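S.K.: The amino acid sequence is not available; the structure is as follows:
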């Protein structure tokens, strides 16, 4: 009786199983990283969208103030709706022709605020500060 042992075949099979396991781990890590990058990209996109909306609402508020110098004074919180979404505006009279606009917009989970300070002399608006807060 001849007994043939195939030790070479068994070791190749074990090597293949180890390599397959390593490849599965690499694939899972790659998928996990891709999902994280997609989430980061989505959050960044929504943050930019909220910032653009807040800036647009600030510009629209300045336009309305230029047309009507008493626009928004004492009105509390004003909601502006655009084709891109909506934002809330609060206008504060700082005295001596100086005012502040606080514009807040939200896109998905991202919220951005723009604060604009300006002086008003008739219909002439001079912006003294424009910043994201």
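M.R.: Cool, got the structure. For clarity, every value in this text was computed on a predicted model and none was experimentally measured. Numbers count the residues shown, from 1 in each chain.
S.K.: what about the longest strand in this protein?
M.R.: strand 110-121 (DSSP state E).
S.K.: Geometric centre of this protein: which residue is closest?
M.R.: residue 47 (0.9 Å; C-alpha atoms, centre = their mean).
S.K.: mind checking the SS state of it?
M.R.: Secondary structure, DSSP: H, G, I helix; E, B strand; the rest coil: residue 47 is helix.
S.K.: So it sits against residue 110, correct?
M.R.: Yes - applying C-beta atoms under 8 Å, one finds residue 47 in contact with residue 110, separated by 4.2 Å. Where C-beta positions appear, they are placed from N, C-alpha and C, glycine not excepted.
S.K.: Check what pLDDT the residue nearest to the centre of the chain gets.
M.R.: As predicted, residue 47 sits at a pLDDT of 90.
S.K.: Numbering from 26 from now on, please.
M.R.: Sounds good: first residue 26 from here, last item residue 72.
S.K.: Residue 101 versus that one, what's the distance?
M.R.: Look at residue 72 and residue 101: by C-beta to C-beta, to the nearest Å, they are 27 Å apart.
S.K.: Over to residue 146?
M.R.: Counting by C-beta to C-beta - residue 146 and residue 101 are separated by 25 Å.
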